[in-house]
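In: Quick one, fold the following:
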Amino acid sequence: MSLGPTIETARLVLRPHRISDYEDCCALTSDPEAVRMIYQNPMSREDTWHRLLRFAGHWSLLGYGMLIVEEKQGGRVIGEVGLADFHRGLGDDFDPFPEMAWMMSTEVHGRGYATEAAQAVLRWMEVAFSPDRTVCIVDPANGPSLRVAEKLGYHPIGNAEYKGKPVVKLRRFASPHG
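Out: Numbering: from 1, shown residues only. Model (predicted):
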């Protein structure tokens with residue numbers, strides 16, 4: 001069963017989560033370095049299972065959500081990317097808008113995959129839903145993700161605290177050309 005799109009880029013295939021992705025998701029969320037700036041600690045298998053189901057639910061209820069990122073050559077799962085509604089309670093300048101998120105395997109950091117995948121998702125979202133803006137949060141110590149956000153066209157709109165951690169809130173207005 002597939003509720004979301006499959007999007008191809010030059011090097012990647014972005015597709016909805018499947019039950020068969022569970023072990024790959026566990027590998028990603030149990031990598032201390034991959035989750036350090038997002039969850040602080042690796043996730044349990046149970047929490048990863050709930051997360052996988054939550055991501056599938058976004059597509060069913062909202063029509064958009066997170067996608068698995070695979071390398072086109074070989075089909076290896078290397079991360080997740082997408083837009084979601086996490087109800088974070090970060091204010092009216094943030095919460096009403098689709099939130100961009102990405103997490104990549106540490107094995108592929110620095111190759112431009114997060115930027116490539118997120119650009120493709122943003123293009124899809126602009127055609128499918130035409131939101132006037134999207135938002136994201138990044139740990140201020142996460143220089144690589146701040147650079148990805150900047151490449152995607154996100155600009156800081158303020159600082160906040162989320163789950164006891166400082167975050168930078170960022171906003172991106174939709175492309176005037178759709």
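In: my guess is residue 135 is in a helix, correct?
Out: No. Per DSSP: H, G, I helix; E, B strand; the rest coil, residue 135 lies outside any helix segment and is strand.
In: List the residues that contact it.
Out: Contacts for residue 135 (C-beta atoms under 8 Å, 6 or more residues apart in numbering) come out as 94, 97, 98, 99, 100, 154, 157, 169, 170, 171, 172. Bear in mind the C-beta positions are built from the backbone N, C-alpha and C, glycine included.
In: For it, give me the pLDDT.
Out: We have a pLDDT of 98 for residue 135.
In: For the chain, which segments count as strands?
Out: Assigned by DSSP state E, the chain shows strands spanning 7-8, 12-15, 66-71, 77-84, 99-104, 133-138, 155-162, 165-173.
In: With distance to residue 42 added, can I get those strands in CSV?
Out: Shown next, in CSV, are the strands of the chain (distance: least, C-beta to C-beta, whole Å):
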stretch, distance to residue 42
strand 7-8, 28
strand 12-15, 24
strand 66-71, 19
strand 77-84, 15
strand 99-104, 12
strand 133-138, 20
strand 155-162, 19
strand 165-173, 16
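In: Can you say which of those strands is nearest to residue 41?
Out: Nearest to residue 41 among the strands of the chain is strand 165-173; the distance by C-beta to C-beta comes to 12.0 Å.
In: who's in contact with stretch 109-124?
Out: 5, 7-12, 14, 67, 69, 78-79, 81-83, 100, 102, 104, 134, 144-145, 148, 151-152, 172.
In: And for stretch 147-162?
Out: With C-beta under 8 Å, 6+ apart as the test, stretch 147-162 has contacts from 88, 90-91, 93-94, 100, 102, 114-115, 118-119, 122, 135-138, 140, 166-173.
In: sorry, back to before: right, and out of the contacts of residue 135, which lies closest to residue 74?
Out: Nearest member of those to residue 74, counting by C-beta to C-beta, is residue 100, at 26.1 Å.
In: The nearest residue to the closest one once chain neighbours are set aside: how many residues sit nearby?
Out: Once flanking residues are discounted, residue 100 sits nearest to residue 136: 4.3 Å by C-beta to C-beta, 6 or more residues apart in numbering. For residue 136, the tally of surrounding residues (other C-beta atoms under 10 Å) stands at 24.
In: Surely residue 136 touches residue 101?
Out: Yes. Contact criterion C-beta atoms under 8 Å: residue 136 and residue 101 qualify, at 6.7 Å.
In: That concludes my questions; thank you for your assistance.
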